[in-house]
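[1] just to be clear, the model below is a prediction. Sequence and coordinates:
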Amino acid sequence: MLFSSGVFLFLFMPVALLGYEVSTRFGRRTALAWLSLSSLFFYGYWSPRYLILLVASVVMNFLFSLKLVEGRSEKSRSLWLKLAISANLLLLMYYKYLFPVLGFLHVHGMIEHGFGTVILPLGISFFTFTQIAYQIDLRQGIAKQQGLVAYSVFATFFPHLIAGPIIHPRELMPQLDAENIRGLDSEDMLLGSTWFVMGLAKKVLIADRISPLADLLFAHPWNAGIGMTWLGALAYAMQLYFDFSGYSDMALGLARMFHLRFPINFNSPFKAQGIIEFWTRWHMTLSRYLNEYLYTPFLLWIRARRSAKGLKSNMKAANTLSGFIDMVFLPSMYTMGIAGIWHGAGPQFLVFGLLHGVYLTINHGWRFLTPPGSRFHRVVPVPVMVAINFLAVLLGLIFFRAASVNDAVHIATTMCGIHGLGPGFHANPWLGEMSGTAVFLASIKGAVVALAICAFIAWGLPNTQEMLGQAPAHQEQTFSLGFSRSWRPLQSPELWVATFAVITYFILFLGERPKTFLYFQF
């Protein structure tokens, strides 16, 4: 069930909200049970068969959590943690990696038998990572043991179930206490619905509209000339940007309607001045997860090994070649390599991750060479840094989207002019199959206009949380083209009603058939 579908907007969401309001009259357990059952129905609407998988995963992890708490010794609790993590990863590997790997081996003649494929359960990466985090935090004493119903809400609450944000127990569990379960709140409903509609507009009116141009390139990468390749690659970057930004806004808005607060998960990443900053703005909860559960433990392990060899492991040592390789290059490549594989089983995803590992290494090296106070610090103008960072991200996204490494390399080299100018849009025979928006985008004028509008919104305007006055106090100021506006709906009710009505009208009457969110495939 898509957030942008009529079934969700006009049936599921109103019933879920009304049921929550009524259930709170009967106490905390009833309200939590309603949230849990609503979320399970939301997931089961897509596939009742995989609903059994989700329930089994929740029950399995809940039982593991009991063993973690009841363990009589440190050794016993550590063993149960390893078993819990292993069971979750085995489940993920079976559905996400086993059959693609077997298919790859079969296609390349390494094995004779073909094993076919298996449908990837929606959100399996997200609800698996969420529950692994709970087990680790429980073992470290950061999280508290919960009852089955409360734990089920934490693991399956539908706004974050399919594509995040990846929630920490310490962020959501305290909000499920009895004093916070008190029904719907008018201010939260107003703010949440505004947040949701703004995200819905990004998805329906921007991401879905520009997708045909990106689809055209990546469906026929070997037939595109340099102009079409650049426009198609830029279109995919903008499609993914507004698709995931829209989903993140909708998830936070939905949670706020239920009087729950989710962490910000998207913060104008194309405004980043370096790849390190980019990963603190793009899928922020995933970046946090990778840092806490992969990068930091691996770095601590490397430092311990260096100390055992009598080598220093402080920041000064990281400025040496061997220290930089050990404490910057290796952790970055390890973490981003796994991040790439997490997104998909194809070699192109591994290249995507390793490419970002190289980017991060270079960015760290630049920071070491240009510390505050040096004459090279901030010598590069901000717009130039933003542009360089975007081009690096764009190259990575080509591998992220392409069907194979060969396709991605051909697209990238075409953009560099290695294959010549190539054919234009209208020299390609498949354009006859296109219609409507796709035909307009397939013209150079249409593509440039659409991309210019996207660029203006991405770089020139404040993001959603800034507009709604919901940006965290510590949030770094974003680079924009001189626009800055913070608006709280309750302070301007007339403006809110007018804006809300106009956006909703365009979504409902000008939007095309809802398309799946791009991050659903992960």
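    Perfect, thanks for sending it. What you see is a predicted model; the values in this text were computed from it and never measured. Numbering: from 1, shown residues only.

[2] so which residue is dead centre in the chain?
    The centroid of the chain falls nearest to His283 when counting by CA atoms, centre = their mean (4.1 Å).

[3] name the nearest residue to that residue, sequence neighbours excluded.
    Asn265 (6.4 Å; CB to CB, 6 or more residues apart in numbering). Backbone N, C-alpha and C define where each C-beta goes, glycine included.

[4] pLDDT value on that neighbour, please?
    According to the prediction, Asn265 has pLDDT 95.

[5] ok so, going back, got the contact list for the residue nearest to the centre of the chain?
    His283 makes contacts with Gly164, Phe244, Asn265, Phe266, as judged by CB atoms under 8 Å, 6 or more residues apart in numbering.

[6] gap between the residue nearest to His283 and Asp326?
    32 Å (CB to CB, to the nearest Å).

[7] now swap in Phe456 and tell me
    Phe456 is 44 Å from Asp326, where distance means CB to CB.

[8] most neighbours out of the contacts of His283, which is it?
    The most neighbours of any of the contacts of His283, using other CB atoms under 10 Å, belong to Gly164, which has 29 neighbours.

[9] does Leu92 touch Ile124 like I think?
    Yes. The pair Leu92 / Ile124 is scored as a contact, 6.1 Å apart, by CB atoms under 8 Å.

[10] give me the more crowded residue out of Phe456 and Asp326.
    Of the pair Phe456 and Asp326, Asp326 is the one with more neighbours under other CB under 10 Å, namely 20 against 12.

[11] which pLDDT does the model give that one?
    For Asp326, the predicted pLDDT is 94.

[12] residues in contact with stretch 270-281?
    241, 266-269, 282, 287, 356, 359-360, 362-364, 366-367, 382, 385-386, 389-390, 392-393, 458-459, 476, 478-480.

[13] export it to CSV, keeping only CA atoms.
    Output of stretch 270-281 as CSV, limited to C-alpha atoms (Å, rounded to 0.1, in the frame of the first residue of the first chain):
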residue,chain,number,x,y,z
PHE,A,270,22.7,18.2,-2.5
LYS,A,271,23.6,21.4,-0.6
ALA,A,272,26.5,19.5,1.0
GLN,A,273,30.0,21.0,0.5
GLY,A,274,31.7,17.6,0.8
ILE,A,275,30.9,13.9,0.8
ILE,A,276,31.3,13.6,4.6
GLU,A,277,28.6,16.3,5.0
PHE,A,278,26.5,14.6,2.3
TRP,A,279,26.3,11.4,4.3
THR,A,280,25.2,13.5,7.4
ARG,A,281,22.3,14.8,5.2
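
[14] buried residues in that stretch?
    Within stretch 270-281, the residues that count as buried by 16 or more other CB atoms under 10 Å are Phe270, Lys271, Ala272, Gln273, Gly274, Ile275, Ile276, Glu277, Phe278, Trp279, Arg281.

[15] could you name the helices and strands sitting against the helix or strand Lys67 falls within?
    Assigned by DSSP states H and E, Lys67 belongs to helix 48-70. Using 3 or more CB pairs under 8 Å, 6 or more residues apart in numbering; DSSP states H and E as the contact test, the elements touching helix 48-70 are helix 28-44, helix 74-93, helix 124-139, helix 148-156.

[16] so how far is the second one off the chain centroid?
    Spelled out, it's helix 74-93. From the chain centre to the centre of helix 74-93 is a distance of 25 Å (CA atoms, centre = their mean, to the nearest Å).

[17] that one relative to helix 48-70, how many degrees between them?
    Calculated by axes from the mean of the first three to the mean of the last three CA atoms, to 10 degrees, helix 74-93 forms an angle of 170 degrees with helix 48-70.

[18] can I get helix 74-93 as CSV, trimmed to CA atoms?
    Taking only C-alpha atoms (Å, rounded to 0.1, in the frame of the first residue of the first chain), the coordinates of helix 74-93 have been written out as CSV:
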residue,chain,number,x,y,z
GLU,A,74,28.2,-11.8,30.4
LYS,A,75,29.3,-14.8,28.3
SER,A,76,25.8,-16.1,28.1
ARG,A,77,24.3,-12.7,27.1
SER,A,78,27.0,-12.2,24.5
LEU,A,79,26.3,-15.6,23.0
TRP,A,80,22.6,-14.8,22.7
LEU,A,81,23.4,-11.4,21.1
LYS,A,82,25.6,-13.2,18.5
LEU,A,83,22.8,-15.7,17.8
ALA,A,84,20.2,-12.9,17.4
ILE,A,85,22.4,-11.0,15.0
SER,A,86,23.2,-14.1,13.0
ALA,A,87,19.6,-15.2,12.8
ASN,A,88,18.6,-11.8,11.4
LEU,A,89,21.4,-11.6,8.9
LEU,A,90,20.8,-15.2,7.7
LEU,A,91,17.1,-14.2,7.1
LEU,A,92,18.2,-11.1,5.2
MET,A,93,20.9,-13.0,3.2
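
[19] before we move on, back to that, which among the buried residues of stretch 270-281 gets closest to Lys75?
    Set against Lys75, the nearest of the buried residues of stretch 270-281 by CB to CB is Trp279 (36.0 Å).

[20] and stretch 151-161, average pLDDT?
    95.

[21] and if you look at stretch 501-515?
    pLDDT averaged over stretch 501-515 gives 66.

[22] perfect, that will be all.
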